[in-house]
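Asks: 3D, please:
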Amino acid sequence: MRVLLKASMDTEKANEAIRNGTLGKLIQESVEQIKPEAAYFTVENGQRTAFLVFDMQDSSQMPVISEPFFLQLGAKISYTPVMNLDDVQKGLSQLGR
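Replies: Numbers count the residues shown, from 1 in each chain. Predicted structure coming up:
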């Protein structure tokens, strides 16, 4: 299932990760692990925030993906099922049948 992972990082912990050089490494390792089709980084509500869209094969992946963000960055994590245009069109074509 295609999901959107949102990771909002604690400012102080992210600052420390930048100072000690681990933030870039954590992001790189996460991207290599989950192979997102899209990855965006911004500020939301005053916190560094990552948005990663990827195919989650099994919900058992959640701890493996989430824990580095929790442990190293004090991040708030959310997972949201999402669709691309093809998915929406496929779903709409099945309405009223």
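
Asks: Only C-alpha atoms from now on, for both contacts and neighbour counts.
Replies: Will do.

Asks: Could you pull out the helices in the protein for me?
Replies: 11-19, 22-34, 61-73, 85-93 (DSSP state H).

Asks: what's the angle between the third one and helix 11-19?
Replies: Direction vectors for helix 61-73 and helix 11-19, defined by axes from the mean of the first three to the mean of the last three CA atoms, to 10 degrees, enclose an angle of 80 degrees.

Asks: got the buried residues for helix 61-73?
Replies: Buried residues in helix 61-73, counted by 16 or more other CA atoms under 10 Å: 66, 68-70, 72-73.

Asks: V43: which of the helices of the chain is closest?
Replies: Across those, V43 has its closest neighbour in helix 11-19 (10.6 Å, CA to CA).

Asks: Show me what the closest one is in contact with.
Replies: 23-24, 47-48, 72-74 (CA atoms under 8 Å, 6 or more residues apart in numbering).

Asks: can you pick the most crowded of these?
Replies: Among the contacts of helix 11-19, L73 has the most neighbours (other CA atoms under 10 Å), with 23 neighbours.

Asks: picking that back up, out of the helices of the chain, which is closest to Y79?
Replies: Short answer: helix 61-73, nearest of the helices of the chain by CA to CA, at 8.8 Å.

Asks: Dump that closest one to PDB, keeping only the CA atoms.
Replies: What follows is helix 61-73 as a C-alpha-only set of coordinates in PDB (Å, rounded to 0.1, in the frame of the first residue of the first chain):
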ATOM      1  CA  GLN A  61       7.800  -2.400   8.600                       C
ATOM      2  CA  MET A  62       6.500   0.500  10.800                       C
ATOM      3  CA  PRO A  63       8.800   0.000  13.800                       C
ATOM      4  CA  VAL A  64      11.900  -0.500  11.700                       C
ATOM      5  CA  ILE A  65      11.200   2.700   9.700                       C
ATOM      6  CA  SER A  66       9.900   4.800  12.700                       C
ATOM      7  CA  GLU A  67      12.300   4.000  15.500                       C
ATOM      8  CA  PRO A  68      15.400   5.800  14.200                       C
ATOM      9  CA  PHE A  69      13.300   9.000  13.900                       C
ATOM     10  CA  PHE A  70      11.900   8.500  17.400                       C
ATOM     11  CA  LEU A  71      15.200   7.500  19.100                       C
ATOM     12  CA  GLN A  72      17.500  10.000  17.400                       C
ATOM     13  CA  LEU A  73      15.300  12.900  16.600                       C
END
